[in-house]
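Undergrad: Please work out how this folds:
(one chain, ligands or ions: 2)
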Amino acid sequence: MTEVRPAAVLVLAAGQGKRMKSATPKVLHAMCGRTLLGHVLAAIEPLQADRTLIVLGHERPQVENFLADAAPTAEVVVQEEQQGTGHAARLALEFAQDLTGTVLVMHGDTPLFTTETLTAVLARHAEARADATMLTAVMPDPSNYGRVTRDADGHVTGIVEDRDATDAQKQIAEICTGVYAFDAATVRDVLERIASDNAQQEEYLTDAIGLLVREGKVVASVVAADWRETLGVNDRAQLADARRHMRDRIVAHWMREGATITDPQTTWMGVRVRLEPDVTIHQNTQLHGATLIRSGATVGPDCTLRDTEVGNGATVTKSMCEGVVIGADATVGPFSYLRPGTRLGDRGKVGAFVETKKADIGDGSKVPHLTYVGDATIGADANIGAGTVFVNYDGVDKHHTTIGDAAFVGSGSMLVGPREIGPGAYVAAGSAITEDVPAGAIGIGRSRQRNVLGWVFRRRAGTKSADAARRAGAGGTMEGSSPPGTDEK
Ligand code: UD1
Ligand code: CA
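TA: Ligands and ions are numbered 1, 2, ... in the order given. I've put the predicted structure just below:
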């Protein structure tokens, strides 16, 4: 096996990305849970280069801020004015004056390269004992890329930028991907001699290839096995394209790992998502962050999950969950909104039009319909009736409510926190609970009902209601028909 560990990787990321028309630097735009630059860093990390050099310029503080977390050992090279890719590479090689050996150069806006492809370039470079090796690709639509020119024998003669290309050259489908392996000393030397007599008045790194060929150096090339890896992102349409390719790659990976994904085209996943074997993901589902779906679980259709764990055999349908842990065999949805700090126990249920936040819901407990559960601890096997509201906010502070095991909260109750409903306690439907309910008691927090007989005949005479009541045989057309204690007011 050829030794391919590079002395350095150089990433060019100083450009503004004018075509993005964005306040955010291009390389910090995100796709599938990582920035463009983050994807590049992830691909180069396993190469174990001695040094990582990153050229920054436009919006440098923002990008540096990102790098402080993402690649703390990377060395930043400053390019104050963006005078081209050749200028950027030249500054980096001047910065790293003592660098010798192989330097892998790539752009910060090509997020789809795999480590395998970069390794193939380094391997070819070593085998060919080349001064420079470039990665090319044959594109279905090569427009706007630099085109690779070759002589009659097929040897590379140079790269011509799209804007400088003749109509005949524009027909060439083989493009420059922006990935190169160089001998550091050789490229440092040649970059000193690059002119900027081109359409953009810039120093093109691509010109280094033609110069090296003319100077009789050994220039090798590798054609990418999959052109999709080489897509560059210059505008938002290309960003969407790249995102789609990354999505395809992630989804295909998890299908190979044993997940059933019924509609790959409408399933979106970030790079940190994990699926265990035998999960099923239905259409229009988005899994973000560090989401984990355990074996036998079903998610979708129409779910958005972020940083959420779905337990073995659980089901989540048409719902949104963020920062949530869902137990084994639990069910969520349809139309549930589970917010950060929600934990649903094994076999638990959160049903339609239920919102939860900082809610620990015990094993086997059910919150089936139309409920808000905020700042709550619910024991095991409790039942929370339809339309219950955990009244957690008094306008200033949040308050916690605890519900004991196997407690039963009747429908339409307001549990005014901070409150404790004991194990096995009941709450009568329609209660406003402002005092704790001890274990085994029933709390009834509402006024007694009274019926005023004949009210409709007096106050709604001549209406459909009065007719219906009369047909039902109700009396009371006359005054004074109410029994004692049911006075009309
Ligand atoms: C470049 C190549 C083109 C190739 C394509 C592949 C050149 C001249 N052209 O074109 O042949 O097909 O990439 O995606 O190299 N940058 C700097 N400093 C600068 C200018 C650019 O750091 O002064 C960085 C940018 O931030 C970017 C990368 O270099 O990450 C490429 O620059 P960009 O302007 O996107 O070049 P392309 O037009 O895509
Ligand atoms: Ca580009």
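Undergrad: give me the number of residues near the residue of the chain found nearest ligand 1?
TA: The nearest approach of the chain to ligand 1 comes at residue 146, 2.2 Å away (Cβ to the nearest ligand atom). (C-beta placed from N, C-alpha, C; glycine too.) Neighbours of residue 146 under the rule other Cβ atoms under 10 Å: 28.
Undergrad: ok, now which ones touch it?
TA: Counting by Cβ atoms under 8 Å, 6 or more residues apart in numbering, residue 146 touches 159, 160, 161, 162, 175, 176, 204, 206.
Undergrad: got a pLDDT number for it?
TA: Confidence at residue 146, expressed as pLDDT, is 98.
Undergrad: ok, now how distant is it from residue 389?
TA: Note on residue 146: its distance to residue 389, by Cβ to Cβ, to the nearest Å, is 62 Å.
Undergrad: Same question for residue 312.
TA: Relative to residue 389, residue 312 is positioned 32 Å away (Cβ to Cβ).
Undergrad: same check, this time on residue 167
TA: 70 Å.
Undergrad: Tell me which of the two has more neighbours.
TA: residue 389 (17 against 6).
Undergrad: does that one have beta-bridge partners, and which?
TA: Taking DSSP bridges as the rule, residue 389 bridges to residue 372, residue 414.
Undergrad: how far away is it from residue 379?
TA: Taking Cβ to Cβ, one finds residue 389 at 19 Å from residue 379.
Undergrad: same check, this time on residue 46
TA: 48 Å.
Undergrad: When the two are compared, which one has more neighbours?
TA: residue 379 (22 against 12).
Undergrad: ok, the more buried one - contacts?
TA: Residue 379 touches 362, 365, 403, 404, 405, 406, 407, 423, counting by Cβ under 8 Å, 6+ apart.
Undergrad: So what does it look like in phi/psi?
TA: phi -70, psi -160 (degrees, to the nearest 10).
Undergrad: out of everything not next to it in sequence, what's closest to it?
TA: Closest residue to residue 379 apart from its sequence neighbours, by Cβ to Cβ, 6 or more residues apart in numbering: residue 405 at 3.6 Å.
Undergrad: The one you found: helix or strand, and which one exactly?
TA: For residue 405, there is no enclosing helix or strand under DSSP states H and E.
Undergrad: Next, work out how far apart it and residue 377 are.
TA: Counting by Cβ to Cβ, the gap from residue 405 to residue 377 is 11 Å.
Undergrad: Which single residue of the stretch 1-150 of the chain ends up nearest ligand 2?
TA: Residue of the stretch 1-150 of the chain nearest ligand 2, by Cβ to the ion: residue 109 (4.5 Å).
Undergrad: go on, the stretch 101-250 of the chain?
TA: Ligand 2 sits closest to residue 232 of the stretch 101-250 of the chain, with a gap of 3.9 Å, by Cβ to the ion.
Undergrad: Excluding chain neighbours, give the residue nearest to that residue in space.
TA: residue 110 (5.0 Å).
Undergrad: Got the domain ranges for the chain?
TA: In terms of domains, the chain is parsed into 8-230, 253-443 (source: automatic domain parsing).
Undergrad: Serialize the ones you listed to TSV and add fields for distance to residue 247.
TA: Output for these, formatted as TSV (distance: least, Cβ to Cβ, whole Å):
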stretch	distance to residue 247
domain 8-230	6
domain 253-443	6
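Undergrad: Residue 241: which of these is closest?
TA: domain 8-230 (9.1 Å; Cβ to Cβ).
Undergrad: what about that closest one, how long is it end to end?
TA: Domain 8-230 stretches 21 Å from its first residue to its last (Cα to Cα, to the nearest Å).
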